[in-house]
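Enquirer: following is a predicted model, sequence given first.
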Amino acid sequence: MSEVSSAPKTAQRPGQGRLSGDHAGGLIDSLLLILARVGANLLALVWTLLLTRLVQPELSGVAFHAIALAQIASILLTLNVESGAMRLLVPALHEGRLDEAAGFIRFNRRMVWLTAPILGLAALVWAQLQGNGLLVGWIAVAAVMVALARLTARHATALGAMRRGLLPRLLTGPIVLTLGLGLAWLTDTSLQPWHVAALFALSEGLTVLIQHHLLRQAFAPLAGQPTPMAGWRGWISLGLWLSPGLMMSEYRKALLIATAAWVLTPAELSLVAVAFSIINIINFGVVAVDVAFSPRIARAMAADQPANRDRLLATSAAIKLAGLTVGVIGTALLGPWVLGWFGAEYRAAGPALMILLALPATAILFGPASVILSARGLGRADFTGNILGALAIVAAILAGGAGFGLTGAALGAVLGQGVALAIMAAQSRRLLGIDPTLMSLRHLRRSASETAS
């Protein structure tokens, strides 16, 4: 039986012991997701290393920029409509409105094919102006593939098939890039940036093919259904409303690289991209802790248990702080050595690498305010914080990079993110009276004193 068709029956028969199964499935999904993200981050570091070994920094910087542009352009192709999948598909499937679910999914896919010609025209004009048609063309192809992979993963999650939709998206790209660049290194093949853009497009295209093969059963109940799209205006409105959150969470690195490209040379951009890749290992640890604690914090808030909520915030902050301490010590001791793996030129990124350590530090300092706002349904506050945060990041990187080059851009990224997270934390305190910052550690001391007494 398919996952979609079983959802209504689960809702109609709550007494069949499914609860423990749901918890077990959720635990397995979480563990697989964490393992996949660890693997994806490590593979990203490997293929970044291979790329920098194959081409000069001037060329690898162009390649990093191309990938970032494709990721950002993919949001414009879908208008982020797919981000409403959980809100729209889950209730429709639960209530047996399969036609509405099919209509939403078809509209998502249709959006890509309606906007792709516009992107193609823009790419043609850009290629005429820049004179680099192959690179621009592959960026456009990659953007379409990224969009299709992302929306398919979102649909799969809403249909209860997260593993089959999200795991290929996390792992296929890094695996293909690692294998492709590894083969080029072994055969001593000379590469240009457009080759890397083409390989990235191929990796995303393979992701889409794998997703559709694995998800045939999940989508089967929707086949042959009518596809009403009367709610398309609301779907687009919701997608645009959620777009800043997507940019700040999933594509923040792409935003940083694309912005830095305006004020740095391609060689400097390559150095800062390598530094970001190293710091992302530590960033992942922060995100993993937040992912693990977010459902518990949300449940404590829903149950109106402020003491439990505060203890959870404090515990997660303590774990993240301990991990950051290890990361800072490791980076300080091994950073120059690790940068040397990428080539002698990359040791110049050492100061920027140390500055970028403040990215996970600011995330820990200001805490998971976005999680708290979302749990309370304060979408407007989350939207405002993300918009202002994105603008702050762009402005700070442009100003820092223009004035002080590589280290200035790194400092701008840190300051911009600090402003973004500070805004979110201030919203949490102002609207909810909840302090998500590192100051929540005081609740651990309070809990310990209460236990002792």
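Expert: Arrived safely. Numbering: from 1, shown residues only.
Enquirer: domain-wise, how is the chain divided?
Expert: Per automatic domain parsing, the domain ranges recorded for the chain read 1-8+23-249, 251-453.
Enquirer: so for the helix or strand harbouring residue 150, mean pLDDT?
Expert: Taking DSSP states H and E as the definition, residue 150 sits inside helix 133-158. The average pLDDT for helix 133-158 rounds to 94.
Enquirer: next helix or strand past it?
Expert: Heading C-terminal from helix 133-158, the first helix or strand you meet, by DSSP H and E, is helix 162-186.
Enquirer: relative to helix 133-158, how tilted is that next one?
Expert: Here the directions of helix 162-186 and helix 133-158 differ by 150 degrees (axes from the mean of the first three to the mean of the last three Cα atoms, to 10 degrees).
Enquirer: list the buried ones in helix 162-186?
Expert: Neighbour-count burial for helix 162-186, counted by 16 or more other Cβ atoms under 10 Å, picks out 162-178, 180-181, 184. All C-beta atoms are positioned from the backbone trio N, CA, C, and that covers glycine.
Enquirer: over to stretch 331-340?
Expert: Residues 331, 335, 338-339 are the ones in stretch 331-340 that count as buried (16+ other Cβ under 10 Å).
Enquirer: again with stretch 205-222
Expert: For stretch 205-222, a neighbour-count test (16+ other Cβ under 10 Å) marks 205-208, 210-211, 214-215, 218-219, 221-222 as buried.
Enquirer: for residue 400, what are its contacts?
Expert: By Cβ atoms under 8 Å, 6 or more residues apart in numbering, the residues touching residue 400 are 408-413, 415.
Enquirer: report the secondary structure state of it.
Expert: Of the three states, residue 400 takes helix under DSSP: H, G, I helix; E, B strand; the rest coil.
Enquirer: distance check, it against residue 179.
Expert: 36 Å (Cβ to Cβ, to the nearest Å).
Enquirer: same check on residue 132?
Expert: 26 Å.
Enquirer: on that earlier part again, what would the contacts of residue 400 look like in TSV with neighbour count?
Expert: Below are the contacts of residue 400 laid out as TSV (neighbours: other Cβ atoms under 10 Å):
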residue	neighbour count
408	22
409	33
410	31
411	22
412	28
413	31
415	20
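Enquirer: take these and lay them out in TSV including distance to residue 265 and pLDDT.
Expert: Converted to TSV, these look like this (distance: Cβ to Cβ, whole Å; pLDDT from 0 to 100):
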residue	distance to residue 265	pLDDT
408	13	95
409	11	95
410	15	95
411	17	96
412	16	95
413	17	93
415	22	94
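Enquirer: other SSEs contacting the helix holding residue 150?
Expert: Packing partners of helix 133-158 (3 or more Cβ pairs under 8 Å, 6 or more residues apart in numbering; DSSP states H and E): helix 57-78, helix 85-94, helix 98-130, helix 162-186, helix 193-214.
Enquirer: can you list these in JSON lines and add mean pLDDT?
Expert: Formatted as JSON lines, those follow (pLDDT from 0 to 100):
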{"stretch": "helix 57-78", "mean pLDDT": "96"}
{"stretch": "helix 85-94", "mean pLDDT": "85"}
{"stretch": "helix 98-130", "mean pLDDT": "92"}
{"stretch": "helix 162-186", "mean pLDDT": "94"}
{"stretch": "helix 193-214", "mean pLDDT": "97"}
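Enquirer: nearest to residue 428, of these?
Expert: Smallest distance to residue 428 across the helices and strands packed on helix 133-158 (Cβ to Cβ): 21.9 Å, for helix 85-94.
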